[in-house]
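Sequence plus the predicted model coming up.
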Amino acid sequence: MKRSKTKTVEKPPTPIKKKIMQIATKKFAKNGYQKTSMNEIVESAKVSKGALLHHFHTKEDLFFVVFSQNVDLAFKKIFELISSPDFKLFEKRENLFEDLKKYYDLIVADTKEFERLWLEGIIESANNPKLRQMMIKKDKEIAMIAVEMLKGARSQIGILDGYDDSELLEVARGVGALWRGIFLDKMAGKSPKEIRNTFARMLYNVYSSKK
């Protein structure tokens, strides 16, 4: 599954902004959105309130930037992995199920901060219209990236035969819902082996389907 499009590289954050984002990531992931205050982030990052507000006007802005950064880093990890000459998964369709389990171990098994941030964003969005619009926009971006990955896999090993682009988008949204369900299962303490097998089986069933 090769990446078919390159994403525009953004300007690196200043040292102060980077420090604020690092602290905010840990606070939001550990304590949740509601229990994390801007003042707490100021104190932990050892910056002025003015410096924080210069970079992030609201808590929603800060959370969304932190969340987006973690999503982008997760995709960067995936793209670097599948672009590596040593990456040998998803070369043959008959190995798809076992490859999905190995992929889970490589990519999905250890993403605790990212998982918590994603779920916190969903929970808070229910009562926060501003953040909800931000999350909807990011979800659309994630789905489009996933579609490009599915197209690459389709041409490479022949999965999802007969699906057009609009149908692949629906599949990508369904895969996103599966990932969120997996995150909840992990937080609930379910067996890692059971979660991995569920992840692999569900995706295998979807990817092996034909129209």
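Thanks, I have the structure now. Numbering: from 1, shown residues only.

so where's the chain shaky on pLDDT?
Within the chain, the segments meeting pLDDT under 70 span 1-10, 211.

give me that answer again for 80
Within the chain, the ranges that satisfy pLDDT under 80 run 1-13, 210-211.

how about the helices of it, start to end?
15-31, 38-45, 49-55, 59-83, 96-103, 112-125, 129-157, 165-187, 192-207 (DSSP state H).

tell me, what residue is most central in this structure?
The chain has V71 as the residue nearest its centroid, 4.2 Å off, counting by CA atoms, centre = their mean.

mind listing what that residue touches?
114, 118, 138, 142 (CB atoms under 8 Å, 6 or more residues apart in numbering). (C-beta placed from N, C-alpha, C; glycine too.)

which one of those is nearest V65?
K138 (10.7 Å; CB to CB).

That closest one against S68, yeah?
Yes. The pair K138 / S68 is scored as a contact, 5.9 Å apart, by CB atoms under 8 Å.

Thought E98 was touching R201, still the case?
No. Applying CB under 8 Å, one finds R201 not in contact with E98, separated by 11.5 Å.

I'd like to know how many residues surround V206.
V206 has 15 neighbouring residues, counting by other CB atoms under 10 Å.

What's the separation between the residue nearest to the centre of the chain and L89?
As judged by CB to CB, to the nearest Å, V71 and L89 stand 22 Å apart.

Also I123?
33 Å.

Which one of the contacts of V71 sits in the busiest neighbourhood?
Going by other CB under 10 Å, W118 tops the contacts of V71 with 24 neighbours.

pretty sure H55 is in contact with I16, am I right?
Yes. Counting by CB under 8 Å, H55 does reach I16; the two are 7.2 Å apart.

quick one: which of I123 and L89 has more around it?
Using other CB under 10 Å, the more surrounded residue of I123 and L89 is L89, with 17 against 13.

For that one, which residues are in contact?
Neighbours of L89 in contact, by CB under 8 Å, 6+ apart: 82, 95, 99, 102-103.

and what of T25?
66, 69-70, 113, 117.

Give me the neighbour count for N128.
With other CB under 10 Å as criterion, N128 counts 18.

now it: how far from T58?
Counting by CB to CB - N128 and T58 are separated by 10 Å.
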